[in-house]
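S.K.: Have a look at this prediction, sequence included:
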Amino acid sequence: MVLNTAILGITVLIYLMIIFYLGWLGYKRTKAIDDYMVAGRNIHPYILALSYGATFISTSAIVGFGGAAGALGMGLLWLALMNIVVGIFIAFVIFGSRTRKMGKNLQAVTFPELLGRRFDSRFIQGFSGILIAIFMPLYTGIVLIGGARFVETTLGINYDIALMILTIIVAAYVITGGLIAVMYTDALQGTLMFIGMTILLVFTYIRLGGVVEAHQALTNIAYLVPESLAKGGHMGWTAMPAFGTPIWWNLISTLVLGVGIGVLAQPQLVVRFMTVKDDKALNRAVFVGGPFILMMTGVAFTVGALSNAYFFQKNEMISLAVAGGNTDLIIPEFINSAMPEVFVVLFMLVLLAAAMSTLSSQYHTMGTAIGHDFYRQYVKKGKISHTIDVTKIGIGLTILASVVLAYVLPISIIAPATAIFFGLCAAAFLPMYIGAIFWKRMTKEGAIASMLVGTFSSLSWLAFVHAKEAAPLGISQALFGKATLLTGTWTVVDPILVATPLAMLTAIVVSLATRPIPQEHLEKCFDNIK
Amino acid sequence: MLGIDDPQIWVVYILCVLSAIGCMLYGALNWNKGT
């Protein structure tokens, strides 16, 4: 990698100059609160699609989940299918249109504000805001650490300095340029990611002699599955794990359902539906979004699995062995070993773009959650002037919090952060969000009860039952003397299968037992929604 | 099929490609709808 440092350094410098230009453009075009918060509700469909996709796909989706496919095989493609069908098609066509119209009817500029105004409750807006402000810095921390590690290893810059540089660069354009700057830079980063991943797929298949030949080579080495994985249900890299085994449960419940459905209630993604002026833009964004996600997760999972065939042909080892047991190293090892040198530089840029595009949206969402949703609308009851300064201070504070967390918390706690945040959003927000845009009979009390039940059941399940988080968190161990309260299959069942249905049931029961929302308010919310 | 023995895998491989094409078709067919 050292040979590349000069070329990579120059490439990164050019990339950053373009990023700063786009950030400056965002700053120039930000005149009012709507510009800063929802990009003036007039963003181009191409920018919407790529911004949504690039925010959705972080470095961990490519390197982390691609590496997981290197260990577990192509069964992860079920998640790629969920990402396209649920994450793009259902999200844009079914949720996006209603969210955009309701956001406009209620003049909401954030996801918590949309929920709060729909149910006429400042508590919902404030609680959602504080939930995002507390748990999102963890998720940001893991993306930040990944980005800084990448800068450290590729440019040879000290880790601490790398983390600071990355934070300051992203913070600069997010704080000054708001969501317009975030989405413009996302679009550039998304374009880079699309080009890089397309080349990666083509090169991988060429290396292995063609599409069918590559798959066949991978099928032929199923006997090399390590014994520990085979005991867990692993049947080879071109086969699904055996039904009902721990690996099958992990694959289906956490990866496919947890991440696949959890995406629908991600505040930084939902707010993007409110950035376009009509449904035409949403329809056009689907045209770009579907193939974009296919080329992100579909390629990462396929290439991750196929890396086994490559390493076997090269030195008769499987990827997990080449990476020394660390799945996060499988994709970087494969790129360094199998790809031409010039592509290594491009791919490093792709990973930097993936980290920055996710970070920028996390910063913006956390800042608006604490500054606008919690402080201005809940603490101050909306009685302070409607400026963007409070949000800017909020962004500054939450960026500081995520940097501190990245340093203070042990990696065992911060590593499951993505799963924790997705699980929490799916339980606390998803039932309330579905009710808000589809069910007029849902009441304020039903929404609040659902949010609280979802939040606390999801966090309890993560802390006391789901082994992947409960064991490293150690709360259950400290309180009850055992790593998890339940045993057996329960410890691999994701909270989305427990907390989300519980919150959904709560929403229905409590809503039916309480007085409906006045018709007048509903007409305002659902104006122009068929 | 496609060098993959397990139908659960080659089916999902094809479905991924088809769903992306489906998204493009939907976008193209509704290109000017929704104003």
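M.R.: Nice, thanks for sending it over. Residues are numbered from 1 along each chain as shown, chains lettered A, B, ... in the order given.
S.K.: what's A:P246 in contact with, if anything?
M.R.: A:G232, A:G233, A:T489, A:V492 (Cβ atoms under 8 Å, 6 or more residues apart in numbering or on different chains). In short, each C-beta sits where N, CA and C put it, glycine included.
S.K.: Chain A contacts on chain B?
M.R.: Within chain B, the positions adjacent to chain A are B:2-6, B:8-9, B:12-13, B:15-17, B:19-24, B:26-28, B:30-35 by Cβ under 8 Å from any Cβ of the partner chain.
S.K.: now with 7 Å?
M.R.: For chain B, the residues in contact with chain A (Cβ under 7 Å from any Cβ of the partner chain) are B:2-6, B:8-9, B:12-13, B:15-17, B:19-20, B:22-24, B:26-28, B:30-35.
S.K.: Can I get the contacts of A:P246 in JSON lines including distance to A:I475?
M.R.: As requested, the contacts of A:P246 are exported to JSON lines (distance: Cβ to Cβ, whole Å):
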{"residue": "A:G232", "distance to A:I475": "26"}
{"residue": "A:G233", "distance to A:I475": "29"}
{"residue": "A:T489", "distance to A:I475": "21"}
{"residue": "A:V492", "distance to A:I475": "18"}
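S.K.: Among these, which one has the most neighbours?
M.R.: Within the contacts of A:P246, A:V492 tops the neighbour count with 21 neighbours, counted by other Cβ atoms under 10 Å in any protein chain shown.
S.K.: Please report the distance of it from A:A69.
M.R.: Applying Cβ to Cβ, to the nearest Å, the value for A:V492 to A:A69 is 18 Å.
S.K.: wait, which of the contacts of A:P246 is closest to chain B?
M.R.: Nearest to chain B, judged by Cβ to the nearest Cβ, of those is A:G233 at 13.1 Å.
S.K.: For the closest residue to the closest one other than its chain neighbours, what are phi and psi?
M.R.: Nearest residue to A:G233, sequence neighbours excluded (Cβ to Cβ, 6 or more residues apart in numbering or on different chains): A:T245, at 2.5 Å. Main-chain dihedrals, A:T245, degrees, to the nearest 10: phi -80, psi 160.
S.K.: hang on, the earlier thing: from the residues of chain B next to chain A, list just the buried residues.
M.R.: B:3-6, B:8-9, B:12-13, B:15-16, B:19-20, B:22-24, B:26-27, B:30 (16 or more other Cβ atoms under 10 Å in any protein chain shown).
S.K.: Mind checking which of those residues land in strands?
M.R.: Among these, no member falls in strands (DSSP state E).
S.K.: Please tabulate the contacts of A:P246 in TSV, including the columns secondary structure and distance to A:V143.
M.R.: Compiled in TSV, those are given as follows (DSSP: H, G, I helix; E, B strand; the rest coil; distance: Cβ to Cβ, whole Å):
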residue	secondary structure	distance to A:V143
A:G232	coil	28
A:G233	coil	30
A:T489	helix	31
A:V492	helix	25
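S.K.: Export these as CSV, with columns for pLDDT and distance to A:P137.
M.R.: Output for the contacts of A:P246, formatted as CSV (pLDDT from 0 to 100; distance: Cβ to Cβ, whole Å):
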residue, pLDDT, distance to A:P137
A:G232, 92, 33
A:G233, 93, 35
A:T489, 79, 32
A:V492, 78, 27
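S.K.: Pull the number of nearby residues for the closest residue to A:A69 other than its chain neighbours.
M.R.: Once flanking residues are discounted, A:A69 sits nearest to A:G304: 3.4 Å by Cβ to Cβ, 6+ apart. Residues near A:G304, counting by other Cβ under 10 Å, number 30.
S.K.: Next, work out how far apart A:G304 and A:S511 are.
M.R.: Where A:S511 is concerned, A:G304 sits at a distance of 43 Å (Cβ to Cβ).
S.K.: Ok, A:Y46 next?
M.R.: 39 Å.
S.K.: Neighbour count for those two, which is higher?
M.R.: Ranked by neighbour count (other Cβ under 10 Å), A:Y46 and A:S511 place A:S511 first, with 22 against 17.
S.K.: What sits closest to that one if chain neighbours are left out?
M.R.: Nearest to A:S511 is A:G446, by Cβ to Cβ, 6+ apart, at 3.1 Å.
S.K.: right, and the helix or strand after the helix or strand hosting that neighbour?
M.R.: Per DSSP states H and E, A:G446 falls inside helix A:444-464. With elements assigned by DSSP H and E, the helix or strand that comes after helix A:444-464 is helix A:467-473.
S.K.: Residues in contact with the following helix or strand past that following helix: which ones?
M.R.: The helix or strand immediately downstream of helix A:467-473 is helix A:475-480, counting by DSSP H and E. Helix A:475-480 has contacts (Cβ atoms under 7 Å, 6 or more residues apart in numbering or on different chains) with A:A463, A:F464, A:A470, A:K482, A:A483, A:T484, A:L485.
S.K.: Mind putting the residues you listed into TSV with pLDDT, distance to A:A507 and neighbour count?
M.R.: Compiled in TSV, these are given as follows (pLDDT from 0 to 100; distance: Cβ to Cβ, whole Å; neighbours: other Cβ atoms under 10 Å in any protein chain shown):
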residue	pLDDT	distance to A:A507	neighbour count
A:A463	88	23	18
A:F464	90	23	19
A:A470	85	26	24
A:K482	79	33	12
A:A483	85	32	16
A:T484	86	28	20
A:L485	86	26	16
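S.K.: Just flag the most distant two among those residues.
M.R.: By the measure Cβ to Cβ, A:A463 and A:K482 form the most distant pair in the contacts of helix A:475-480, at 12.7 Å.
S.K.: circling back to that earlier point, buried residues in the host helix or strand of the residue nearest to A:A69, which are they?
M.R.: According to DSSP H and E, A:G304 maps onto helix A:299-315. For helix A:299-315, burial by neighbour count (16+ other Cβ under 10 Å) applies to A:299-312.
S.K.: This completes my enquiry, with thanks.
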